[in-house]
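>>> sequence? don't have it. structure:
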């Protein structure tokens, strides 16, 4: 009789400090049972697990790092799953396997037919889209825009054009210390009537989510320096 | 002294019956305080509020309908918010203001500078993306595909082509009674090595989420008739 494979649990974490209220209780119940986690940031993961449940003995856990410099150990993931061991996957913030290498662990699980269980939690992309008032039936997330000016402006204009043509909401992000520069580039290069939503510090006490036309943002624009933010553009007809 | 405007709270509901575990407790705390809700389905909304808290007196609530046949009463929303009244917005399933007219209420709120507070809850789009193992740094949700065969096949090929060119994950849905036909169209028209994720009954006891190549799906494909499903396509290089 063959042993059952383990499962991959996608464990959401908080987007802002002290916002455990945004995590459903069943996440804690699962986290308590797991002993292996693939994590984007070991320190954040330890602190979060401890916050979920003080009883969890962090020293007994196997935390396998994965990040932009270090791909997850896929051979290890497959070995553990094949042996029937469950694995948790955690991003540094929000839901895993979206903007971190956690999707490679998920991919490995599918390749050996191991179950993957996504769990509900905060996602800045989804929360910003909900709160933008923009079209949610057709949207695109493109991650980071190019850093260099000509490519970045070209990309912004393409996104605006596609938004108008397809009535599509465009979502993108920037490294927090470059947010103000990105905002300037948007205001300098997009059309007056294009709608821009700026969503900052989502779920936190200083949450700021506002949709206005480029023209209105030019009158008064917020300081976004080093604050986690997401930008949404909509140039489609009403 | 001017009175403060009310806020719009985006209240998530369950994706499957009896899955309240996927709703964070703070959603209940907010729902208990609200007396006006813009809802996609009145019956679902009543049942859900009652499930969150038996003490809520449903008869005392104002439920304003909004759906594909009936746009939300924006004048009423603005009037209530201006008077300082908070409004809850609820979809028939999952998070509101994405695939329902709730975004029009949000838009109205932004137009009068009323706060919009998105709350964490289950989204089939986000959960499917997490569990697919596909690229989460670049993805597109395009809603329903065209119903008629030539346009639909053309669209599928375009999505596949764009996925390959941009390394972009493509997400789309279909009316549940047409799921099997859509699956057939995908298998008949996409490339052998293109990856397809099928995510069905998300968060429910019969949850099924699997990513395989078109070639592998052709060997054995599930019956999706009338089951809520979401499809993800990825044709990009590894």
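Yep, it's here. All of these numbers come straight from a predicted model, not from anything done at the bench.
>>> and the longest helix along chain A, what does it pack against?
Ranked by number of residues, the top helix in chain A under DSSP state H is helix A:149-166. Helix A:149-166 sits against strand A:139-144, strand A:169-173, helix A:179-189, strand A:229-234, with contacts defined as 3 or more Cβ pairs under 8 Å, 6 or more residues apart in numbering or on different chains; DSSP states H and E. Using the backbone N, CA and C atoms, a C-beta is placed for each residue, glycine as well.
>>> wait, does the helix or strand residue A:28 falls within contact chain B?
Using DSSP states H and E, residue A:28 maps to helix A:25-31. Yes: Helix A:25-31 reaches chain B (Cβ under 8 Å from any Cβ of the partner chain) through A:25, A:26.
>>> spit out the contact partners of residue A:152.
Counting by Cβ atoms under 8 Å, 6 or more residues apart in numbering or on different chains, residue A:152 touches A:145, A:146, A:182, A:185.
>>> er, residue A:92 I mean
A:13, A:40, A:41, A:44, A:100.
>>> tell me how chain A divides into domains.
Following automatic domain parsing, one finds the domains of chain A at A:8-118, A:124-234.
>>> who wins for proximity to residue B:225 among these?
domain A:8-118 (22.5 Å; Cβ to Cβ).
>>> and the closest one, how far from the chain's centre?
The chain centre lies 14 Å from the centre of domain A:8-118; the measure is Cα atoms, centre = their mean, to the nearest Å.
>>> now do the same end-to-end measure for that domain.
Taking Cα to Cα, to the nearest Å, the first and last residues of domain A:8-118 lie 8 Å apart.
>>> ok, back up a step: mind putting the domains of chain A in JSON lines, distance to residue B:62 and mean pLDDT included?
Converted to JSON lines, these look like this (distance: least, Cβ to Cβ, whole Å; pLDDT from 0 to 100):
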{"stretch": "domain A:8-118", "distance to residue B:62": "27", "mean pLDDT": "96"}
{"stretch": "domain A:124-234", "distance to residue B:62": "21", "mean pLDDT": "96"}
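>>> so for residue B:161, which of those domains sits nearest?
domain A:124-234 (15.1 Å).
>>> nearest to residue B:77 among the contacts of residue A:152?
Nearest to residue B:77 among the contacts of residue A:152 is residue A:182, at 31.7 Å by Cβ to Cβ.
>>> what residues are up against that closest one?
Taking Cβ under 8 Å, 6+ apart, we find residue A:182 in contact with A:145, A:152, A:174, A:231.
>>> is the last one in a bridge, and if so with what?
In other words, residue A:231. Per DSSP bridges, the residues bridged to residue A:231 are residue A:172, residue A:198.
>>> report the contact partners of it.
A:171, A:172, A:173, A:174, A:182, A:183, A:186, A:196, A:197, A:198, A:199.
>>> give me the distance between the third one and chain B.
Shown here: residue A:173 relative to chain B, a distance of 10 Å by Cβ to the nearest Cβ, to the nearest Å.
>>> tell me who's in contact with that residue.
The neighbours of residue A:173, taking Cβ under 8 Å, 6+ apart as the test, are A:143, A:144, A:229, A:230, A:231.
>>> what is the burial count for the first one?
Translated: residue A:143. Neighbour count for residue A:143, taken as other Cβ atoms under 10 Å in any protein chain shown: 16.
>>> how close does it sit to chain B?
For residue A:143 relative to chain B (Cβ to the nearest Cβ), the value is 4 Å.
>>> same question, the fourth one
From residue A:230 over to chain B the distance is 12 Å, taken as Cβ to the nearest Cβ.
>>> so what's that residue up against?
Neighbouring residues of residue A:230 by Cβ under 8 Å, 6+ apart: A:124, A:125, A:128, A:171, A:172, A:173, A:199, A:202.
>>> go ahead and confirm the first one touches residue A:12.
No: taking contact to mean Cβ atoms under 8 Å, the distance of 11.5 Å between residue A:124 and residue A:12 leaves them out of contact.
>>> which neighbours do these two share?
Counting by Cβ under 8 Å, 6+ apart, the contacts common to residue A:124 and residue A:12 are residue A:94.
>>> for residue A:103, give its distance to residue A:52.
From residue A:103 over to residue A:52 the distance is 23 Å, taken as Cβ to Cβ, to the nearest Å.
>>> okay, now stretch A:126-138: how far is its last residue from its first?
13 Å.
>>> check stretch A:212-221 too.
End residues of stretch A:212-221 are separated by 10 Å (Cα to Cα).
>>> okay, buried residues for it please.
A:212, A:214, A:217, A:221 (16 or more other Cβ atoms under 10 Å in any protein chain shown).
>>> the residues you listed in strands, which ones?
residue A:212 (DSSP state E).
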